[in-house]
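[1] okay, sequence plus prediction incoming.
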Amino acid sequence: MTALAQKSAGQHATEEGIPVTDPLVIAKCGSCHYRDDRGNLERISWERATPEGWQEALKKMTAEERVALSPFEARSIVRYLAASHGLAPEEARSVMYYPERRIHDETETTDPALVEACGKCHAAARPLSWRRSLEDWKQVAESHITRYKMKPNSGAIAALGRLAPLHTREWDVWSSRTVALNLTGRWLVTARLPGRGRYVGEMSVTPGAAPDEFRSHATLRSLADGSVLERAGQALVFGADAWRGRSRGVNPSGTPDDPSNEAREAMWISPDQARMEGRWFWGQYQEFGFDVLLRRPSSDPSLLAVDRASLKTGSRGNRIRLIGDNFPAQVTPADLDFGPGIAVRRAIFQNSGEIVADVDVAADAKPRRTDVVFRGSVLPSALAIYDQIDYLKVTPESSLAAFGGPKYPRGFQQFEAIAYQRGADGKAHTSDDLELGPVDVTWSMEIFYSVDSSRNDLVGAVGSRGLFTPAANSPGVNYDVWVIATATGEKNRTGSPLVGKGYLVVTIPEYTFNGRHYVRELDRWIEEGTW
């Protein structure tokens, strides 16, 4: 028995493994991973992971251990492991920002020891996408110490054992269920694309070639300009809760921020299969993307969105469009409720998916987030009520873009300027501040650090929609840049201009190769079954 096998065998005394029953996994993995009389394979039976986690592990085995796999076999193994040795939906949801390729600040949501140990090389969400026995986490730490010359960190191991144990109540409940996929049919969609605003529409899902494969067709309408976008795609669902696919619109223009560009889709499926949420994204750094929410339609009226983010106290005659599904032809102001201090003057039925309302906001209405209610349907915290904009925040607050080169496409960055009112504590930039939504601004940029005296136009430019476009040719150096937003129609309480800044590093294209290219090829392999 190998030393590793002896360690795995010793785990029986403390933690029960998860037997491996798939013949292909046993055949391909069993030659190296010892199989005991309970059906446990060393390491594998004491690990659970997302589809991306198992995908990375399998790719590592083929590269380093020379495991011979066809694309079909590789895909089949990931399917099995993501289902039988995966994460429960509640566990997967907390790390969805990782497969969604979102910019995410982990410093306030993850154990400091874990951020310190893991965050130097990758997101803490990467190890938190796994669930392991404590012994297995110790083996992972030992391999990192040996391979990457890391210092031992007992705090990180303790945090992983506490935050990502092999056995959890959620997994016990989820793994005991027999879940039949039932995703076909019509879905209502709300989406948001930074720089272009909100979209509403629907998506039809039809069966694919296998029970866990699906085709999709989405029709979305922009609330900003009324334009209609159609996208078609296909997806594979892992473990009944992980939608991974690709889609594209009709005749994309080729511009980097075109909503019709081919996008990868990463969505979380609720346990009752009545809701999906996630991100459809594209770009060199996955810098472009729709934030999407899908839900099953109801026989009752359903509110999906309103076409504005905030209302100012003392304002009158505010026209609001309420977007939804199955609205009745007869509506009255009494059918609508925006909360205390907001009076509905008039409600007009436009069609089964839209109602127009005129509302007044009292001068003494309390600043807050308020629900929007139509009969029994509620949009929680859909509107912000405010009396003054106190500051702007440029999002993302820190980001990365890349120059182009002979072998590498440019990495862009989409910015937005979000207005805020300070909260009850009277201090700006604290947790009780009230987000009011995007505002109209003019954009500019300022180089605040470079190795030479380059002009802005040699680094790139920010367009009127907040899209930063780097220079096509790399100068071979990095630049630290402020991206600056100045509100065009609003001032602060003292009458001064409202200005926000975002920090941007514009870097050489080689910076993007090692991690991003590798990840992109892995994702295409898992979705399409090809290397």
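    Received, thanks.

[2] I'd say Asp307 and Arg198 touch.
    Yes: with contact defined as C-beta atoms under 8 Å, Asp307 counts as touching Arg198 (7.4 Å). Heads up, the C-betas are built off the backbone N, CA and C, glycines and all.

[3] and whichever strand in the chain runs longest, how far out from the chain middle?
    Identified as the longest strand of the chain according to DSSP state E is strand 479-491. Centroid displacement of strand 479-491 relative to its chain, using C-alpha atoms, centre = their mean, to the nearest Å, is 26 Å.

[4] so what strands line up beside that strand?
    Strand 479-491 sits in its sheet next to strand 441-449 (antiparallel), strand 497-507 (antiparallel), going by DSSP bridges.

[5] export the ones you listed as TSV, with columns for mean pLDDT, distance to Arg162 and mean neighbour count.
    Rendered in TSV, the data for these read as follows (pLDDT from 0 to 100; distance: least, C-beta to C-beta, whole Å; neighbours: other C-beta atoms under 10 Å):
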stretch	mean pLDDT	distance to Arg162	mean neighbour count
strand 441-449	91	40	16
strand 497-507	94	33	20
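
[6] how about those strands, which one is nearest Ala266?
    Ala266 lies closest to strand 497-507 among the strands paired with strand 479-491, at 24.7 Å (C-beta to C-beta).

[7] how long is stretch 265-282 from one end to the other?
    Start and end residues of stretch 265-282 are separated by 9 Å (C-alpha to C-alpha, to the nearest Å).

[8] any buried residues in it, and which?
    For stretch 265-282, the neighbour count (16 or more other C-beta atoms under 10 Å) marks 265-269, 271, 273, 276-282 as buried.

[9] before we move on, back to that, export the longest strand of the chain to PDB, keeping only CA atoms.
    Only the C-alpha atoms of strand 479-491 are listed here, as PDB (Å, rounded to 0.1, in the frame of the first residue of the first chain):
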ATOM      1  CA  TYR A 479       0.400  52.500 -16.200                       C
ATOM      2  CA  ASP A 480      -1.600  53.300 -13.100                       C
ATOM      3  CA  VAL A 481      -4.700  55.400 -14.100                       C
ATOM      4  CA  TRP A 482      -7.500  57.200 -12.400                       C
ATOM      5  CA  VAL A 483     -10.800  56.900 -14.300                       C
ATOM      6  CA  ILE A 484     -12.800  59.900 -13.300                       C
ATOM      7  CA  ALA A 485     -16.600  60.400 -13.500                       C
ATOM      8  CA  THR A 486     -18.100  63.900 -13.100                       C
ATOM      9  CA  ALA A 487     -21.900  64.100 -12.800                       C
ATOM     10  CA  THR A 488     -23.600  66.300 -15.500                       C
ATOM     11  CA  GLY A 489     -26.800  67.200 -13.700                       C
ATOM     12  CA  GLU A 490     -26.300  66.800 -10.000                       C
ATOM     13  CA  LYS A 491     -24.200  68.500  -7.300                       C
END
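
[10] give me the more crowded residue out of Asp307 and Arg198.
    The neighbour comparison of Asp307 against Arg198 (other C-beta atoms under 10 Å) goes to Arg198, with 23 against 16.

[11] check contacts around that one.
    By C-beta atoms under 8 Å, 6 or more residues apart in numbering, the contact list for Arg198 reads 190-192, 222-224, 305, 307.

[12] quick one: name whatever helix or strand follows whatever helix or strand Arg221 lives in.
    Assigned by DSSP states H and E, Arg221 belongs to strand 213-222. For strand 213-222, the following helix or strand on the C-terminal side (DSSP H and E) is strand 228-238.

[13] in the stretch 1-150 of the chain, which spans are helices?
    Using DSSP state H, counting those that start in this stretch, the helices found in the stretch 1-150 of the chain span residues 3-10, 23-29, 51-64, 71-84, 89-93, 112-118, 125-128, 134-148.

[14] can you give me the neighbour number for the nearest residue to Arg38 once chain neighbours are set aside?
    Spatial nearest neighbour of Arg38, chain neighbours left out: Pro19 (6.0 Å); criterion: C-beta to C-beta, 6 or more residues apart in numbering. Pro19 has 15 neighbours, counted by other C-beta under 10 Å.
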